[in-house]
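Q: give me a model of this one.
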Amino acid sequence: MVFLKLAIKSLKNRAFATTLTVLSIALSVTLLLSVERAKRAAEEGFTQTISKTDLIVGARSGSLQLILYTVFNMGNATHNISYETYQDIKKNPAIEWTIPYSLGDGHRGFRVVGTNEDFFKHYRFRGSEKVELSQGQVFKDLWDVVVGAEVAHKLKYRLGDRIVVAHGVTKGEGIQNHADKPFVVTGIMEATGTPLDRAVYMSLEGMEALHVDWADGAAPTVEKAIPREQLSRAGMKIHTITAFFVGAKSRIETLKLQRDINTYKEEPLLAIIPGVALSELWNGLSYVEGVLRVISWMVVLVGLVSMLIALTTTLNERRREMAILRAVGAKSSQIVGLLVFESALLTVVGIALGTLLSWTLIAILRPWIASEFGLYLVGPWVTKIELLYIGITFIGGTLMGLIPALRAQNLALKDGLSVKL
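A: Numbering: from 1, shown residues only. Model prediction:
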């Protein structure tokens, strides 16, 4: 109690230096906790981009390539899957539902995905969240499309707007546009903070209709082009898809189902478990996590060093104080203890202020971060790893106080009641 009173009075006498020291520690802790929370949100958002899906099936290639072009809209498939193969595998009694995916076209830099109503029924992300529409309805007609939240935001689309799809995944306006077959925006998706926001969704029949008059990947001439008005969804026959998602009736049967698909004799296929592939992909990006953590700890170290500098530079001002304490019977070890206690007190106040500031910023900026960067800052306010970081910061700050304390001990032994300044 005596230590606390002495420490508070001493710190009050150096209010400006004390305030700067506490602020430096608080800002360091704020950055450390904020980076850790952002890292955790990024990891959870990454690994929870798709959930409740047991298998992703595509043409035989690599597991990372398959997860990238189906879930993250990055890259392209080496081959397509025949629709007959998809229909055959779909009949497997172990399968509860499927979601077909047809890729290959783009719209002003965004991926165009051909699928069906099962996408809105069964696709899940971040646990059990499903795809919802903020406006409009799911595509019903051949020329209907649903756009992701980011597509609608960046391109300022509204219901009823017409859009033109480009052949191939392109950036900008595209090279070969399907200008003769425009689509109509009939739905806008709720923001999900996942790659779903950066895609345009149409029916499988709509994707097929785009290329119904193309031969060998080349655009038709004016004479051979089939007018948009002559095509209907019921009259479209689907030939190929790029991949499909699978939900098994029982998780126990997933591995057997995966093996059956991988050994399918009619066509070379690859079935992967998305959770495993996402974990592998995240582990491959772990160096980014390490860099962020190193930067955060360097900032904390700077904060602690600033506290050390502040305590050390005020020693000359406190030599009379130390000498008086010695004169009234204070032991040198008690002087050391007082200064260490002061540094510990500064560290505790800095940690408390930094933690409170971090929580406040998260509470205020959470909606904006979610909408702009797709990071959902969810979960407990303090995790075990964050408590560990706080504990290490406290120990480091306390030990920093030993350096000026030991120097003050030596000065107190030499000085008398009168100090020449």
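
Q: CA only for contacts and neighbour counts going forward, please
A: Noted.

Q: roughly how far does Leu387 sit from Glu266?
A: 55 Å (C-alpha to C-alpha, to the nearest Å).

Q: oh, that last question was meant for Gly206, not what I typed.
A: From Gly206 over to Glu266 (counting by C-alpha to C-alpha), the distance is 27 Å.

Q: go on, Leu68?
A: Taking C-alpha to C-alpha, one finds Leu68 at 25 Å from Glu266.

Q: so for the two, which residue has more residues nearby?
A: Higher neighbour count among Leu68 and Glu266: Leu68, with 18 against 7, using other C-alpha atoms under 10 Å.

Q: what sits against the more buried one?
A: 74-75 (C-alpha atoms under 8 Å, 6 or more residues apart in numbering).

Q: need the helices for the protein, in chain order.
A: According to DSSP state H, the chain carries its helices in the segments 2-13, 15-47, 63-71, 83-90, 118-122, 149-155, 204-210, 254-262, 274-284, 286-313, 319-327, 332-373, 384-400, 402-414.

Q: for Met236, give me the pLDDT.
A: Listed pLDDT for Met236 reads 87.

Q: so what's the closest residue to it other than its chain neighbours up against?
A: Spatial nearest neighbour of Met236, chain neighbours left out: Glu205 (5.6 Å); criterion: C-alpha to C-alpha, 6 or more residues apart in numbering. Shown in contact with Glu205 (C-alpha under 8 Å, 6+ apart): 114, 142, 233, 236-238.

Q: can I get those in CSV with distance to Val340?
A: Listed next are those as CSV, based on distance: C-alpha to C-alpha, whole Å:
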residue, distance to Val340
Gly114, 66
Leu142, 75
Arg233, 78
Met236, 79
Lys237, 79
Ile238, 76
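
Q: hmm, which of those are the buried ones?
A: Among these, those scoring as buried are 114, 142, 233, 236, 238 (criterion: 16 or more other C-alpha atoms under 10 Å).

Q: want to try a markdown table for the residues you listed, with distance to Gln258 as columns?
A: Converted to a markdown table, those look like this (distance: C-alpha to C-alpha, whole Å):
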| residue | distance to Gln258 |
| --- | --- |
| Gly114 | 24 |
| Leu142 | 33 |
| Arg233 | 32 |
| Met236 | 31 |
| Ile238 | 25 |
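
Q: just the residues you listed: which are in strands?
A: Among these, the residues falling in strands (DSSP state E) are Gly114.

Q: number of residues surrounding Gln230?
A: 7.

Q: kindly report the same for the one 4 residues further on.
A: Counted with other C-alpha under 10 Å, the burial measure for Ala234 works out to 9 neighbours.

Q: how close does it get to Lys140?
A: 11 Å.

Q: repeat that for Gly275.
A: 32 Å.

Q: so for the two, which sits in the more crowded spot?
A: Legend: neighbour count by other C-alpha under 10 Å for Gly275 and Lys140, higher for Gly275 (19 against 14).

Q: what about the stretch 201-350 of the chain, any weak spots by pLDDT?
A: With pLDDT under 70 as the threshold, the stretch 201-350 of the chain has low-confidence stretches at 214-223, 284-286, 288, 314-330, 332-334.
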